[in-house]
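S.K.: sequence plus predicted model, see below.
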Amino acid sequence: MSYRLASVEELPRSSDALVTLVHPLSAVDIVKRILSPHAVTDTPIENLDPRQKPSRLIEQLAQGEQVLFDASGASPGIFLNRRPESGSTVANLPPRLAQALDDHWEGRTSSGIGGAPLQGDSLAPAAEPAYQAPSPQSTPTEAGQRTLDLLYRWPDGSGVAGAPFAVTGLNDFRSGTLDDQGQAHVTGLLDPVVDVRFGEPAPAGSIALLRQQLQAQLDAMVARERREAARLDASTADLPLTFNAGVHVVFGL
């Protein structure tokens, strides 16, 4: 299995090659997994610029500026069937990729001049233009400006105070503890996609929750006893005074 990267401006004219176009979300997962420093894989990515920052590449894939081809055709694609034609694409494609596909079917190239389709059906790099990194002006956001708000709650809705957390990406690692409301604000992230994990809550937090649960159970028991006493009072209100007093003595009231 091998993958090939290309700029969205370099979509192949071959229908067979278009079928192997990977969905942007799946492309992000594939490239992130292959480029992970903890991954052990021999899967190559053709046309990968070694100078390209992994976080920037993943962002471009998610936005449709770069596209990924799977020569095996096993990765989830963007077409509803094996016929890559207009109207058969899945919904919610990035606008940049959707526009490039429209231009492709209308016979327009990146220079605005139509050309004859290529007849090759191979994904060989020689059949396509060489990889060109996009210009810096196309960068939608500056690196390091992403933020993430964390919120961790108990089943009753209260915050998990003091729980540790870890935010991990290709270029990012942040860790800390949640505040007394079970919240944290993480800034300066480079990666557009990160993993978040929460650890065991602080002992004081779990003890406080246990006390709240016990108090709620006690309050419910007291409320039930009071309702039962009121029901007995109502049921004996019309009885003779001597019988009523006997009932109250029997029940210890």
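M.R.: Received, thanks. Numbers count the residues shown, from 1 in each chain.

S.K.: rest of the way, CA atoms for contacts and neighbours
M.R.: OK.

S.K.: A strand includes residue 33, no?
M.R.: No. Residue 33 is assigned helix when assessed by DSSP: H, G, I helix; E, B strand; the rest coil, not a strand.

S.K.: list phi and psi for residue 174.
M.R.: phi -130, psi 140 (degrees, to the nearest 10).

S.K.: so where do the helices sit in the stretch 51-200 of the chain?
M.R.: For the stretch 51-200 of the chain, the helices defined by DSSP state H, counting those that start in this stretch occupy 54-63, 95-105.

S.K.: most packed of these?
M.R.: Highest mean neighbour count among the helices of the stretch 51-200 of the chain (mean count of other Cα atoms under 10 Å): helix 54-63, with a mean of 21.

S.K.: pLDDT (mean, whole number) over it?
M.R.: Averaged across helix 54-63, the pLDDT comes to 89.

S.K.: who does that helix touch, helix- and strand-wise?
M.R.: Using 3 or more Cα pairs under 8 Å, 6 or more residues apart in numbering; DSSP states H and E, the elements in contact with helix 54-63 are helix 24-35, strand 66-70, helix 95-105.

S.K.: which of the ones you listed sits closest to residue 156?
M.R.: helix 24-35 (34.1 Å; Cα to Cα).

S.K.: starting at the chain centroid, how far to the closest one?
M.R.: Relative to the centre of its chain, helix 24-35 is centred 13 Å away, using Cα atoms, centre = their mean, to the nearest Å.

S.K.: now it: mean pLDDT?
M.R.: 87.

S.K.: now do the buried residues in it.
M.R.: Buried positions in helix 24-35, judged by neighbour count with 16 or more other Cα atoms under 10 Å: 24, 25, 26, 27, 28, 30, 31, 32, 34.
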